[in-house]
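Peer 1: Need a 3D model of the following:
(3 chains)
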Amino acid sequence: MSLLDETVSVPRRTMTLFFMIDTSGSMAGSKIGAVNDAVVNVLPMLDEISVTNPDAEIKVAALEFSTGCNWLYNEPKLANEFVWQDVQANGLTSLGAACEELENKLSRSKGFMQSASGSFAPAIILLSDGAPTDNFEAGLAKLKANNWFKSAIKVAIAIGDDADKEVLAKFTGTNEAVFTVHNIDALKQIIRVVAVTSSQIGSKSSTAGDTTKQDQVISEVQNAVDNIDGAEVATKVDGSSYADDWD
Amino acid sequence: MRCFDFHCQGESHKATDKVCQDYSYSHIDEDGLAIAVVCDGHGGKHYFRSDVGARFATEIIANNVREFVNNIDETLLVGQPFTQQAAIQTEIDRQDFRKERPVDNAFRQLFASIIGQWQQRIEQHAKDNPLTEKENEQVEEQYKKEFLSGYKLEKIYGCTLMAYVSTPKYWFAFHLGDGKMISFDREAQWKEPVLWDDRCFLNKTTSICDSDALNEFRYTYQGDGGFPVAIFLGSDGMDDSFGEETNLVNFYVRVAKSLVKDGFDATFADIKETLPLLSKRGSQDDMSIACVYDETKLTEALPKFILWQIAVTKAEILSVNKKIMDAKDRRSSLELSGSYTDKSRIELRYAQNDIDRGYAQKQQLLKKMDILLKEYHGNAFVPYQDEVGIAEKERVLVWKMEEHPFRVHLVWEDKK
Amino acid sequence: MSELKFGEKISLLNGGYVTIKKELGRGGQGIVYLVDLNGQPKALKWYHNMPDASFYNNLANNVMNGAPSSAFLWPERITERQKGSFGYVMALRPQNYFEFGNFLLAKKSFKSFQAMMAAAMKICNGFMMLHRFGYSYQDLNDGNFFIDPDTGDVLICDNDNVMPQGEKSGIMGKARYMAPEIVAGGIPDKYSDRFSLSVILFMLFYANHPFEGAKVVACPCMTEAYEKKFYGSEAVFIYDPNNKTNLPVRGIHQNVIRRWPVMPAELRDTFIREFSPEMLKNPQSRMIEQNWGKLIASLRDKLVICPHCGEETFIDEAKPQCMNCGRDVDVSRRLKLGLRTLLLTNGTRLFIDYDNTPDARVAVNPQDRNMLLLQNLTKEKWTAETPSGKVKSVEPNEFMPVKHGIKVGFNAANKGEIIINNQ
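Peer 2: As a prediction, this is how the structure comes out:
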């Protein structure tokens, strides 16, 4: 007889992968096309990681932001169930509002997260080709006070030279987690690499105090970037480095 | 009073040939002093002797608590109502008229003695036990250097700790770090007796190796005659396996029921069998548990424990019902809107998925419910039923005529 | 146990009464109420039990004699004996004063070293005045002191246990703050108060107790027998250079571990001496309040604003480096004031006398960034004599240049000279 009978439930642990996608007017055309294409193609890979991973299953959520911001679905979905709906580009770049909206959902009571027991830190991938047109600093300040965000793996993809890498570095906490792409092919590849790496590392049981999962993701993506033409680690910008409260 | 404790290697540790870094202890002395301790050594590469640190912490807590109980002026605790003290972390912004109370100073002394003796033990251990061959091979250079220099040695042995202590006149509990302590009263109501520390979040935790460890202790005491009927201490491997806290509590309820119905030996044997399985299915982490319970009172409270499970299951069923109904509504409005876009097709698929998943969950829940109802009412129990049912009936499209305003339209109806 | 109700009127010795408004807090000895005295809000400490006649008479005497200094929240009026007990009236503690215990637990911290030094000075001064009045403090502990973390101003409360020297109030202080000879059963006097003062100052500077190290934390429960050992017969200073059995322990005594090496060497040397086994055994040779005052003043003279990072730092003249940013600090510009030397860097405030209010501020000449200025923050005018013999006056709020050889008369008692070392 086992104590784990029908009356006891042992749910799988979960890790949520967030895409934050800039859908402002400047993304129109091949950029947004590449994003749509890349995400659709990476979803089955995430599902595979999820299915073969004993540690945790992976859920996906996506937030697009332009003049306002909008979740593709009002809950995170399992990778194999997430049906990508192509996003359209127009409007401004309300990254500040997107930060606030993400902050809203990074909570258990009113948001997308479950109890911290049994959860892994989320991974957040931010894609942008421009500079915020709203009060980014205020939005980010709120987000940075969020415990889930503090623990999250945060990576940003800067599309082209117009992207404000300093802003992206502030978001990720380090300029090392900002990767720049200069062509459509590189964009597709980097989305795949970042999403897959973040999911692999993010959904593994880890041990406190070692190199953070974010650092592991950064170093793996950096290695991969060396082999992608037209992608690079963002040149050194003066991003305020974000130190953890708990160390 | 009875007690037990058990700790075992986590599934992920088996794979990497890492020892179990949890340690547990429980004992009931002849004078009625009951002690339960769980310590969880940190898992990172930095903490390569945390298994030793956890064992030392456990032993020291057991010894020091005995000395504390034997020497403390009982009047400090006897008569005290249920009182919780949080970790000291933030600056206060208001005037604090409360003077330091002797009972708080006494606990502070106990906690300081635990840290102090632990520091001593690990220093001695490091002196007596130079790096082993395996450590030399596996430990990263920077940590080896720290070990050899003795600088912040405590990191290498770092662990969390929690303990429950009861005497015939009072009880107290303290906690530093993560893991969960759950206590049950006679009404089968549960609570976390010791306040949580928000610095413990996901894989971050406070620790005995922190520079401010003394201030990170949080504790609770009670001496007015109220005692937990049963209390469970579990390392974070336990709560990480269950996700939502009610699942963890439900497991402990399951254990408590087994203690009454199957007896101590059978239950303890089950625990030993179950925890490794749980690690495999759940957190993959080391697992440890320690428990103290009052056999008589727990036996009396048994029906209430079952009722608690029934109530929780009922709530789960109702929430699944709501999900099913919502999904059905979404589906109908999409189906009947007449025009399909890409987006509405996707939404339709999600609605159908949610319905199917809802019913699958519900079947599980009903099975559980019937087991519990049978347990409570005996063989004469009435199986749980409601109008949402356990599976979707086959549906047919029928023309329906409304009388006023007169029109005919298509609707889905369950097949008769 | 006696408690008072809202609206109750309590008559005072020598006439008048107070009206109970609400409870402010309670402790082992009594309850503190907010009361109204002739339209003024005051605090009333009401004892749980009737203390004996000598206690009452002593308190009545203290009321009559008045407070030794502004540091004391002194009993202002005493009630008639009634309702099985009695109490005394004192001023309300103003906002923003926190119990010293909160500083020890790091629930509250000083805004600046300047505030910390001001608190030390005020406590010292309070003790000095108390002893000049012929009193000794009997129940000294961290609960008696309330400190404003921003200014360092101190209020000493619970002055009901102040007795003429040589008499005993019957209320024993906490062993942690008692001199070893009192722990062993002696009668408190000004010498034992001096010991308590050095403990309080140590705790103020380092936020840990001078005798609480490895030895003390070895025991899980502090019994009376242990107390007598650790604070009395076997007391060992945690940084006793000749006895390392009681070193501070990481994870417990983190404050002192962090601060001991950073605070000035003079302070370390003084505590090592004051807490040495010889000094513990010889109460008469303990440092007097005036000398503590001098030491604190000399520490404050070396407390400057770092020109690089803008933080406060103590300067060790042998190695003038900022303790925050580690960069060299130029301390060639000084003010000689008798035996004292005050270091001048931009932003530093100078304390010429011992009244705990800054008397001068160092600033930069906006026309010449290399020239420092001294601003007169007092209400008196200063008289300065230039090296060539010209006499100038510096009105309140006015500035004067920091130039080698200028002699400044701050007031009748304090005359200084500006020295620039490389000139």
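
Peer 1: Nearest to chain A: which residue in the stretch 151-300 of chain B?
Peer 2: Closest approach between the stretch 151-300 of chain B and chain A, counting by CB to the nearest CB: B:Gly243, at 3.1 Å. The C-beta positions use only the backbone N, C-alpha and C, and glycine is treated the same way.

Peer 1: What does the pLDDT read for that residue?
Peer 2: We note a pLDDT of 90 for B:Gly243 in this prediction.

Peer 1: quick one, what contacts it?
Peer 2: Neighbouring residues of B:Gly243 by CB atoms under 8 Å, 6 or more residues apart in numbering or on different chains: A:Pro11, A:Arg13, A:Gln114, A:Ser115, A:Ser117, A:Gly118, A:Ser119.

Peer 1: Mind doing that once more with 6 Å?
Peer 2: B:Gly243 makes contact with A:Pro11, A:Ser115, A:Gly118 under the criterion CB atoms under 6 Å, 6 or more residues apart in numbering or on different chains.

Peer 1: Surely the first one is in a strand?
Peer 2: In other words, A:Pro11. No: per DSSP: H, G, I helix; E, B strand; the rest coil, A:Pro11 lies outside any strand segment and is coil.

Peer 1: residue ranges for the helices of the stretch 251-400 of chain B, please.
Peer 2: For the stretch 251-400 of chain B, the helices defined by DSSP state H, counting those that start in this stretch cover B:264-281, B:295-336, B:342-377.

Peer 1: Relative to B:Asp210, which of those helices is closest?
Peer 2: Proximity to B:Asp210 (CB to CB) singles out helix B:264-281 among the helices of the stretch 251-400 of chain B, at 26.6 Å.

Peer 1: isn't C:Val256 right next to C:Asn208, touching?
Peer 2: Yes: between C:Val256 and C:Asn208 there is a contact at 3.8 Å, judged by CB atoms under 6 Å.

Peer 1: list residues touching both of those two?
Peer 2: Shared contacts of C:Val256 and C:Asn208 (CB under 6 Å, 6+ apart): none.

Peer 1: which regions of the chain sit below the pLDDT cut-off?
Peer 2: All of this refers to chain A. Scanning chain A for pLDDT under 70 picks out A:1, A:206-210, A:234-247.

Peer 1: Oops, wrong one, chain C.
Peer 2: C:1, C:138-139, C:161, C:163, C:165-174, C:423.

Peer 1: Regarding C:Ser136, what is its secondary structure?
Peer 2: C:Ser136 ends up strand, using three-state DSSP.

Peer 1: That one is in contact with C:Lys190, isn't it?
Peer 2: Yes: counting by CB under 6 Å, C:Lys190 is a contact partner of C:Ser136 at 5.5 Å.

Peer 1: Looking at these two, which has the bigger crowd around it?
Peer 2: Set C:Ser136 next to C:Lys190 and count neighbours by other CB atoms under 10 Å in any protein chain shown: C:Ser136 wins out with 27 against 22.

Peer 1: hey, what's the more buried one bridged with?
Peer 2: C:Met163 (DSSP bridges).

Peer 1: Ok, C:Phe145 next?
Peer 2: C:Ile156.

Peer 1: Now for C:Pro210, how many residues are close by?
Peer 2: Neighbours of C:Pro210 (other CB under 10 Å): 24.

Peer 1: buried set for stretch B:72-89?
Peer 2: Neighbour-count burial for stretch B:72-89 flags B:Ile72, B:Leu76, B:Leu77, B:Gln80, B:Thr83, B:Gln85, B:Ala87, B:Ile88 (criterion: 16 or more other CB atoms under 10 Å in any protein chain shown).

Peer 1: what's the answer for stretch C:135-154, then?
Peer 2: Within stretch C:135-154, the residues scored as buried using 16+ other CB under 10 Å are C:135-149, C:151-154.

Peer 1: same deal with stretch B:104-116?
Peer 2: Buried residues in stretch B:104-116, defined by neighbour count with 16+ other CB under 10 Å: B:Asp104, B:Ala106, B:Phe107, B:Arg108, B:Gln109, B:Leu110, B:Phe111, B:Ala112, B:Ser113, B:Ile114, B:Ile115, B:Gly116.

Peer 1: out of these, who's near chain C?
Peer 2: B:Gln109, B:Leu110, B:Ala112, B:Ser113, B:Ile115, B:Gly116 (CB under 6 Å from any CB of the partner chain).

Peer 1: closest to C:Ala179 among those residues?
Peer 2: Distance to C:Ala179 across those (CB to CB) is lowest for B:Gln109, with 21.4 Å.

Peer 1: hang on, the closest one is in a helix, isn't it?
Peer 2: Yes: checked against three-state DSSP, B:Gln109 lies within a helix.
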